[in-house]
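In: The following comprises the amino acid sequence and a computationally predicted model.
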Amino acid sequence: MIENLNTQNLAPFLDELDVVFNDMDKEFEDAAKYYGFSCAGCDDNCCKSLFYHYTAAEYLFLARGMDGLSDGERTSAFERADAYASAMAGAPNGGNSPQRIICPLNVFGGCILYGFRPMICRLFGLPHEFTRPAGGRVSGPGCDRFLEVCKEKEYRRFDRTPYYARLAGLEKSLRNATGINGKIKMTVADMLVYMEAGVKT
Ligand code: SF4
């Protein structure tokens, strides 16, 4: 799947993803400001949510972030990822239960690879909409905390479609250039376990 790839050789793709993510962050911040929304004081840490990620681009971007950690930090992250994977394997329904385990990159309440986090970590929380590739509009109401503290505010349009499209286009180019193929469905812990296994070198 994602074998023998060096994140340095993929710099143009990862730099482009950085731009997409920065644009995404900017729109999210603007919308959060409009609502007066903040994660501060939230007990329901969304880093305990079972998020799956679907692109090699996000995997490789996270790998780039891992490259910047010290050996000790990386080893600790791998250990937490192994523990996460073991806990999920022992969970009812093979990890699809509501059991909530903190992401192995969350340390003392903060993400140690915040600048390299995947897309859903950046978009989660605010009400939004998007158009499916095959057509049809979908909308989401925002996270529980948002509904608790900001529900009186009028909806400010946040269309995820352009970001999904940009990520999909980038993924396609990356796969064409590298020969990466196959479906990807990984949690952050899965990604770290995969990296740890030495598939990414
Ligand atoms: S990658 Fe970072 S932001 Fe995303 S769930 Fe893990 S700790 Fe939280």
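Out: Now that the structure is in, tell me what you want to look at. These numbers were taken from a predicted model, which means no experiment stands behind them.

In: ok, so what distance separates residue 30 from residue 20?
Out: Distance of residue 30 to residue 20, given as Cβ to Cβ, to the nearest Å: 16 Å. All C-beta atoms are positioned from the backbone trio N, CA, C, and that covers glycine.

In: how near is residue 100 to the ligand?
Out: 11 Å (Cβ to the nearest ligand atom, to the nearest Å).

In: so that residue touches residue 47, yeah?
Out: No. With contact defined as Cβ atoms under 8 Å, residue 100 does not reach residue 47; the gap is 9.4 Å.

In: the more surrounded of the two?
Out: residue 47 (19 against 13; other Cβ atoms under 10 Å).

In: Residue numbers of this structure in contact with the ligand?
Out: Listed as neighbours of the ligand in the chain under the rule Cβ under 6 Å from any ligand atom: 47, 103, 105-106, 111, 117, 121, 188.

In: So which of those residues are in helices?
Out: If you go by DSSP state H, those have 121, 188 in helices.

In: I'd guessed residue 184 sits against residue 57; true?
Out: No. Between residue 184 and residue 57 there is no contact under Cβ under 8 Å: 9.7 Å.

In: And these two? Which one has more around it.
Out: residue 57 (27 against 20).

In: all helices for the chain, in order.
Out: Remark: helices assigned in the chain by DSSP H are 11-35, 56-67, 71-89, 119-123, 144-149, 161-178, 188-196.

In: Which positions in the fifth one come out as buried?
Out: When you say that, I think you mean helix 144-149. 145-146, 149 (16 or more other Cβ atoms under 10 Å).

In: which of these lies closest to residue 26?
Out: Residue 26 lies nearest to residue 146 out of the buried residues of helix 144-149, by Cβ to Cβ, at 18.8 Å.

In: Do I have it right that the closest one meets residue 37?
Out: Yes. Contact criterion Cβ under 8 Å: residue 146 and residue 37 qualify, at 5.9 Å.

In: who touches both of the two?
Out: Common neighbours of residue 146 and residue 37, counting by Cβ atoms under 8 Å, 6 or more residues apart in numbering, are 125-126.

In: Residue 52 against residue 187, yeah?
Out: Yes. Applying Cβ under 8 Å, one finds residue 52 in contact with residue 187, separated by 6.1 Å.

In: No further queries at this time; thank you.
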